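Enquirer: structure, please.
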Amino acid sequence: LRGFENAIFIKKIFRKISTDAKWENNIGFIGCGNMGACMVKNLSKAEHSLVIFDSDKEKLKSISEENRNCSIGESNEDVSRQCSKIITMLPNTKIVEEVYQTFFKYCRPNTLLIDSSTISPIVSSQISSRARDKRLRMIDAPVSGGVPAAKNGTLTFMVGGTEADFSQAFDVLKLMGSKVVHCGKSGNGLVAKLSNNLALAISMIGISEAMNLGHKMGLDPSVLADVLNSSTAKCWSSEKYNPFPGVMDNVPSSKNFSGGFSADLMEKDLKLAMESADFSGSLAPLGSLAKQLYSIMIENGDGSKDFSGIIMLLNSSLKGPDIVK
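Expert: Next up, the predicted model:
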């Protein structure tokens, strides 16, 4: 009888060791939209064992079939129980808070939570504090580069959190990005992301105004773009993502402003940036105006269009399939 009991005990020990090893090796990913699906693919290429979950069951099935080492979790709770590292890429602050409530209930102590959603840095810091109280680790790690960079594994990650947690997450983030920057304390990754998108929105509006002015005055848009890109106005919006239709191939402006980074998302980020400006007492008059302009674009029914479509507010002839070239 004693030998039988010892065998059972040993079997339980080995089962626990096996379960712990599986937990340690598993990476969870919650939020498999346009960005998340691409990030999952790059993690899968690196032979990581993944447990994924999203509200879109058909998309989950498709991702699982296309990527090796990728299993579908039954729920957020299921992912919480199975993985030592969990990445979230979710649409807004409210959903992140809801998902993290599940983490707080079911994640093992010392689980590393990596939130790549773009949400309020103020709320993110509060969530991080609650995570520490639950003996969990959390970093905010929003991204820049959009869907093309997510596909190519060349995202930039802006990370807020402790040096130790940043170091723990670094190798995983490098599988999805070409640059991983530690921005300091919790919430600072999001501060960097919102600051970047604030400047991006303003520069896109400025380039749109300049391109439209040149066009209206009879200047060939391609010639003007060449001048801007060899002069002091040169920027990402002029050189890599020109908003005037026909100037560049393979950008949203050449595809009736489809794809890319939607006006809905840009307006959301500008709202978060303005909330942060109010919280910190920062003046941001151009950011406030940019948010108003993107709100008008959304009210006009173009929220799903790429944010470079802001040029349509300046020149309605650029809207629709018969665009001026």
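
Enquirer: how close does Phe103 get to Arg135?
Expert: 12 Å (C-beta to C-beta, to the nearest Å). Yep, even glycine has a C-beta here, placed from its N, CA and C like the rest.

Enquirer: equivalent analysis for Ser84, please.
Expert: Distance, Ser84 to Arg135, using C-beta to C-beta: 13 Å.

Enquirer: grab the longest strand from this structure for me.
Expert: Taking DSSP state E as the criterion, the chain has its longest strand at strand 177-184.

Enquirer: and that one, what does it pack onto?
Expert: strand 155-160, helix 163-174, helix 188-216 (3 or more C-beta pairs under 8 Å, 6 or more residues apart in numbering; DSSP states H and E).

Enquirer: out of the ones you listed, flag the one nearest Leu50.
Expert: helix 163-174 (11.0 Å; C-beta to C-beta).

Enquirer: the closest one: which residues count as buried?
Expert: Asp165, Phe166, Gln168, Ala169, Val172, Leu173 (16 or more other C-beta atoms under 10 Å).

Enquirer: now for the closest residue to the fifth one other than its chain neighbours: which residues touch it?
Expert: Once its chain neighbours are removed from consideration, Val172 has its nearest residue in Lys85; the separation is 6.3 Å (C-beta to C-beta, 6 or more residues apart in numbering). Shown here is Lys85, whose contacts under the criterion C-beta atoms under 8 Å, 6 or more residues apart in numbering are Asn26, Ile27, Gly28, Thr111, Leu112, Leu113, Ile114, Ala169, Val172.

Enquirer: which of these ranks first by neighbour count?
Expert: In terms of neighbours by other C-beta atoms under 10 Å, these top out with Leu113 at 28 neighbours.

Enquirer: pop out the phi and psi values for that residue.
Expert: The phi/psi pair for Leu113 (degrees, to the nearest 10) reads phi -100, psi 120.

Enquirer: surely it touches Val99?
Expert: No - between Leu113 and Val99 there is no contact under C-beta atoms under 8 Å: 9.6 Å.

Enquirer: any common contacting residues for the two?
Expert: Thr88.

Enquirer: ok so, going back, roughly how far does the residue nearest to Val172 sit from Ser203?
Expert: With C-beta to C-beta as the criterion, Lys85 and Ser203 are 35 Å apart.

Enquirer: over to Lys105?
Expert: 43 Å.

Enquirer: neighbour-wise, which of those two wins?
Expert: Legend: neighbour count by other C-beta under 10 Å for Lys105 and Ser203, higher for Ser203 (17 against 12).

Enquirer: OK, contacts around that one?
Expert: Contacts of Ser203 (C-beta under 8 Å, 6+ apart): Cys235, Trp236, Ser237.

Enquirer: hang on, the earlier thing: more neighbours: which of Ser84 and Arg135?
Expert: Per other C-beta under 10 Å, whichever of Ser84 and Arg135 has more neighbours is Ser84, with 18 against 11.

Enquirer: and that one, what are its phi and psi?
Expert: Dihedral angles (degrees, to the nearest 10) for Ser84: phi -90, psi -20.

Enquirer: that one and Thr102, how far apart?
Expert: 16 Å.

Enquirer: got it, and Leu293?
Expert: 37 Å.

Enquirer: just Ser317 next, same as before
Expert: Ser317 sits 49 Å away from Thr102, going by C-beta to C-beta.

Enquirer: cheers, nothing more for now.
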